[in-house]
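**Q** Got a sequence here, can you build the structure:
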Amino acid sequence: MKIIIRESKIEMLMTDYLNSWVESKNILNYRDFILIQEKAGFDEDEWRDWMEYDFTDGRLWINNDFKRFLSDLFAKSVLDIIPFVTEWFENKFNVKVEYTE
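**A** Numbering: from 1, shown residues only. Predicted structure coming up:
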């Protein structure tokens, strides 16, 4: 059975997923950066960074494992995932991303 899903519906699902995903993360909003992370294990000092935005140069860093995960989940290339996540991040945190790593 073949199912056709419009691009706009996929983007809506991706947005909903990211909004839900970020709710379970630790968001640190410092003067110079925003950091999205979660505990990496049982050690309270161990954290895994998923995204980091630097206010000084407008750089958004996205964890490579996360980019690949989204690529697999939504059947899109990593090159398609990056601008989508960038735009989502800009809207979610009301910032302007100059470039993404």
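**Q** remind me which residues of this structure are low pLDDT?
**A** 43 (pLDDT under 70).
**Q** Okay, helices next: where are they in it?
**A** Along the chain, the segments classed as helices by DSSP state H run 7-23, 64-74, 78-93.
**Q** in the last one, what's buried?
**A** When you say that, I think you mean helix 78-93. 81-82, 84-86, 88-89, 93 (16 or more other CB atoms under 10 Å). Heads up, the C-betas are built off the backbone N, CA and C, glycines and all.
**Q** for the second one, same thing?
**A** Buried residues in helix 64-74, counting neighbours by 16+ other CB under 10 Å, are found at 66-67, 70-71.
**Q** what helices or strands is that helix leaning on?
**A** The helices and strands touching helix 64-74, judged by 3 or more CB pairs under 8 Å, 6 or more residues apart in numbering; DSSP states H and E, are helix 7-23, helix 78-93.
**Q** Could you rerun that using 7 Å?
**A** Using 3 or more CB pairs under 7 Å, 6 or more residues apart in numbering; DSSP states H and E as the contact criterion, the neighbours of helix 64-74 among helices and strands are helix 78-93.
**Q** Figure out which of the helices of the chain is closest to residue 47.
**A** helix 64-74 (14.3 Å; CB to CB).
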